[in-house]
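Undergrad: next one to model:
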Amino acid sequence: MTATVAAGARLAPHSRQLAGTVALLRLALRRDRVMIPVWVAVILMMVLSMPGSLGSVYGTAAERTDIARSIATNTSMRAMYGPVFSDSLGGLVAWRIGVYAGVLAAVMSVLVVVRHTRDEEESGRQELVSSAMVGRRAPLTAALLAALVANAAVGLLIAGGLDSQGGGGALALGLATAGTGMVFATMAAIVAQFTESARLAKGLTSALLGLAFVLRAAGDSGRADGSSALTWLSPLGWLENTRAFADERWWVLLLFVAGAGAQGVAAYALAGRRDLGMSFLPSRPGPADGRLGTAGALAWRLQRGTVLGWSLGFLAAGIAFGGMTQGAADLVGGNAKTLDIIERMGGRSGITDAFLATMAGMLGMVAALYVVSSVLRLSGEETSQRAEPVLAGAVGRLRWAGGHLVVAFGGAALIMTLGGLGLGIGYGKDFGPALGACLSRLPAIWVIGGLAVLLYGVLPRAAVAAWGVAGAALLLGWIGPALELPQPVMNLSPYSHLPKLPGGETTWPPLLILTAVAVALVAAGLAGLRRRDLSS
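TA: So this is what the prediction gives:
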């Protein structure tokens, strides 16, 4: 009898490891009731806009065959988008958007998992929740299930939306995209066990995602059939090697199952070997004076890793885009529709200048994501109550916020400068026009940053809406020219008011007006911050 009771006592804790999972999953989905649908909608819009835009450009079988042949011999294009396995419209859709849909699904999954694991522990909410009838591994399980729900929605909607291009190919692309998201969801679950900071967990997992993209790009630039060993080392390479709409390789989907499963087991094992709130790599304490003697120095210390990561990424992206410029004319060939789209994005000053302007514009639209994330660091510091000890001393709100805003707006200038230098290096000719084209995008970037400051200062609970503003500008710039959206709609984006450089005429009034608008938005946001209470 005693032995039976002892055995039951040993087994009972294991049987309760997942207690409360359903309740935590419902809570996670309720908290993400805006974030997950927005991410799913953005991914779906990008994917489902491709058949129409590509169909209008390459409307005949001969045109599709020509573009597929051009891509097969263009190493830069293969590095950016991957190889083309079929010259059907569905095959071109999978080539053009497949890898990037996987990247977005991965980012969405990382944000969901880290938010409901490490972020909860860092804020202290998980300790409160765990005091109730909640199993030790229930939070991690609920986070992974929330990511599974989001990725399942992405996969099913892609499969349904592209069914007209071929049911088997649509299903393969949808499952591969969802599988990519789940591989990085479980990867984030592992990284969250090693860090004490949610910010660091997101940063490290994002770095691994960047490494996966680089491995795939390096492999695809060397082999036109996706067979490189480097390609197979990347989950993004698995996605493209599913070969949607081109004699699908269904067995590749088993790699996603095996990868996500193995990483999930590792995450569960690690979660059971550490105390709540602790990590396997504890944070290193920093100096209490010296370089951190000012609010600006503290802001730089908190954000310098992010600035460095974005800087290196923009330099590398600029070099890659610049290297594609030499083959832009060959890629376009005699396709008037493709030339028209590039000119609508980059201006009517010759295919080379128009292509450089388009690439500079893409860098500028992505830079808006950096400035929003950097500005919203203020919101994170406030809601986590780390701002209160700083403001309790001889530091005013404007000085505290100003330090972060210098990093945000100055960092945007830095990464765009490096992006322009990268374009010049990749192009191998004049640095001045490429650098000027990138710097001319700064006023529009600052306007979006100013909107983020305004939302944070006046409506702090709605500050997250700044992501929607940046995302809308990115979508308009990405798919607007291909869909031939009306000019009044395109004018909703601040980028549409910029001169098309290089090649176009440098008109200063729009640049000065946008800069003044950005200054006014920042001033209004700071005025709101001075008058409202801090979040408690």
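
Undergrad: so who does the residue most central in space within the chain touch?
TA: Here the mean C-alpha position of the chain is nearest to the C-alpha of Val107 (CA atoms, centre = their mean), at a distance of 5.3 Å. Contact analysis of Val107 by CB atoms under 8 Å, 6 or more residues apart in numbering lists Phe184, Ser206, Leu209. Every C-beta, even on glycine, is put in place using the N, C-alpha and C of the backbone.

Undergrad: would you confirm that the first one contacts Leu111?
TA: Which is Phe184. No: shown here, Phe184 and Leu111 do not form a contact pair, counting by CB atoms under 8 Å, at 10.4 Å.

Undergrad: neighbour count for those two, which is higher?
TA: Neighbours were tallied for Phe184 and for Leu111 using other CB atoms under 10 Å; the higher tally belongs to Phe184 (31 against 23).

Undergrad: skipping adjacent residues, who's closest to the more buried one in space?
TA: Of all residues not flanking Phe184 in the chain, Ala106 sits nearest, at 3.8 Å (CB to CB, 6 or more residues apart in numbering).

Undergrad: gap between the one you found and Glu240?
TA: Computed with CB to CB, to the nearest Å, the distance linking Ala106 and Glu240 is 14 Å.

Undergrad: same check on Leu363?
TA: Leu363 is 24 Å from Glu240, by CB to CB.

Undergrad: before we move on, what about Trp508?
TA: Separation of Trp508 from Glu240 (CB to CB) stands at 44 Å.

Undergrad: repeat for Ile445
TA: Counting by CB to CB, the gap from Ile445 to Glu240 is 31 Å.

Undergrad: number of residues surrounding the closest residue to Thr195 other than its chain neighbours?
TA: Nearest non-adjacent residue to Thr195, counting by CB to CB, 6+ apart: Ala201, 4.7 Å away. Other residues near Ala201 come to 27 when the count uses other CB under 10 Å.

Undergrad: Ala201 sits in which helix or strand?
TA: According to DSSP states H and E, Ala201 maps onto helix 198-222.

Undergrad: could you give me the buried positions within that helix?
TA: For helix 198-222, burial by neighbour count (16 or more other CB atoms under 10 Å) applies to 198-206, 208-209, 212-217, 219-221.

Undergrad: by mean pLDDT, flag the weakest helix or strand of the protein.
TA: helix 2-15 (a mean of 43; mean pLDDT, DSSP states H and E).

Undergrad: how about the helix or strand that that helix is followed by: buried residues?
TA: Going down the chain from helix 2-15, the next helix or strand is helix 21-31, by DSSP H and E. Within helix 21-31, the residues scored as buried using 16+ other CB under 10 Å are Thr21, Leu24, Leu25, Ala28, Leu29.

Undergrad: which stretches of the stretch 351-500 of the chain form helices?
TA: 351-375, 377-383, 387-391, 397-427, 431-439, 442-458, 465-483, 487-490 (DSSP state H, counting those that start in this stretch).

Undergrad: against which helices or strands is the second one packed?
TA: Think helix 377-383. helix 295-325, helix 397-427 (3 or more CB pairs under 8 Å, 6 or more residues apart in numbering; DSSP states H and E).

Undergrad: model confidence over that helix, on average?
TA: Taken as a whole, helix 377-383 has a mean pLDDT of 85.

Undergrad: do the longest one as well
TA: Averaging pLDDT along helix 397-427 yields 91.

Undergrad: quick one: it to helix 431-439, angle?
TA: Calculated by axes from the mean of the first three to the mean of the last three CA atoms, to 10 degrees, helix 397-427 forms an angle of 140 degrees with helix 431-439.

Undergrad: same for helix 397-427, what does it pack against?
TA: Against helix 397-427 (3+ CB pairs under 8 Å, 6+ apart) you get helix 295-325, helix 351-375, helix 377-383, helix 387-391, helix 431-439, helix 442-458, helix 508-531.

Undergrad: measure how buried Arg16 is and give me the count.
TA: 15.

Undergrad: ok, the closest residue to it other than its chain neighbours - contacts?
TA: Closest residue to Arg16 in three dimensions, ignoring its sequence neighbours and counting by CB to CB, 6+ apart: Gly135, at 5.2 Å. Shown in contact with Gly135 (CB under 8 Å, 6+ apart): Arg16, Gln17, Leu18, Ala19, Gly20, Thr21.

Undergrad: and for Thr231?
TA: Leu215, Arg216, Gly219, Asp220, Arg223, Gly237, Glu240, Asn241.

Undergrad: related to what we said a few turns ago, the more surrounded of Ile445 and Glu240?
TA: Neighbours were counted for Ile445 and for Glu240 using other CB under 10 Å; Ile445 has more, 31 against 27.

Undergrad: okay, that one: pLDDT?
TA: pLDDT, Ile445: 95.

Undergrad: and if you look at Leu339?
TA: 56.

Undergrad: if I pick Gly422, what's in contact with it?
TA: Phe314, Leu315, Ala316, Ala317, Gly318, Ile319, Ala320, Phe321, Gly322.

Undergrad: er, Val407 I mean
TA: Ala299, Trp300, Gln303, Val307, Ser374.

Undergrad: give me that answer again for 10 Å
TA: The contact partners of Val407, by CB atoms under 10 Å, 6 or more residues apart in numbering, come to 296, 299-304, 306-307, 371, 374-375, 377, 414.

Undergrad: so how far is Arg461 from it?
TA: 24 Å.

Undergrad: what's the answer for Ala152, then?
TA: Per CB to CB, Ala152 is found 29 Å from Arg461.

Undergrad: tell me which of those two has more neighbours.
TA: Per other CB under 10 Å, whichever of Ala152 and Arg461 has more neighbours is Ala152, with 16 against 11.

Undergrad: figure out the helix or strand that the more buried one lives in.
TA: helix 138-161.

Undergrad: which elements pack onto that helix?
TA: With contacts taken as 3 or more CB pairs under 10 Å, 6 or more residues apart in numbering; DSSP states H and E, helix 138-161 sits against helix 21-31, helix 35-57, helix 89-115, helix 118-123, helix 125-130, helix 167-194, helix 253-271.

Undergrad: could you list the low-pLDDT ranges of this protein?
TA: The model of the chain has pLDDT under 70 over residues 1-15, 76, 130-132, 275-292, 326-351, 481-484, 504, 536.

Undergrad: residues touching Ser228, list them.
TA: Pro83, Leu215, Arg216, Ala218, Gly219, Asp220, Ser221, Gly222, Ser234, Gly237 are the contacts of Ser228 under CB under 10 Å, 6+ apart.

Undergrad: rewinding a little: the residue nearest to Thr195 contacts Gln193, correct?
TA: Yes: counting by CB atoms under 10 Å, Ala201 does reach Gln193; the two are 9.0 Å apart.

Undergrad: picking up where we left off before, could the contacts of Thr231 be laid out in a markdown table, adding distance to Thr141?
TA: Converted to a markdown table, those look like this (distance: CB to CB, whole Å):
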| residue | distance to Thr141 |
| --- | --- |
| Leu215 | 30 |
| Arg216 | 30 |
| Gly219 | 34 |
| Asp220 | 36 |
| Arg223 | 39 |
| Gly237 | 29 |
| Glu240 | 31 |
| Asn241 | 30 |
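
Undergrad: quick revisit: of all the helices and strands packed on helix 138-161, which one is nearest Leu435?
TA: Closest of those to Leu435 is helix 89-115, at 26.2 Å (criterion: CB to CB).

Undergrad: now do that closest one: distance to the chain's middle.
TA: Centroid separation between helix 89-115 and its chain, computed with CA atoms, centre = their mean, to the nearest Å, is 10 Å.

Undergrad: next, the angle from it to helix 198-222.
TA: Counting by the same axes, to 10 degrees, helix 89-115 lies at 160 degrees to helix 198-222.

Undergrad: between helix 89-115 and helix 21-31, what angle do the directions make?
TA: 110 degrees.

Undergrad: quick one: helix 89-115 to helix 167-194, angle?
TA: Comparing the axes of helix 89-115 and helix 167-194 via the same axes, to 10 degrees yields an angle of 20 degrees.

Undergrad: I'm done for today, thanks for sticking with me.
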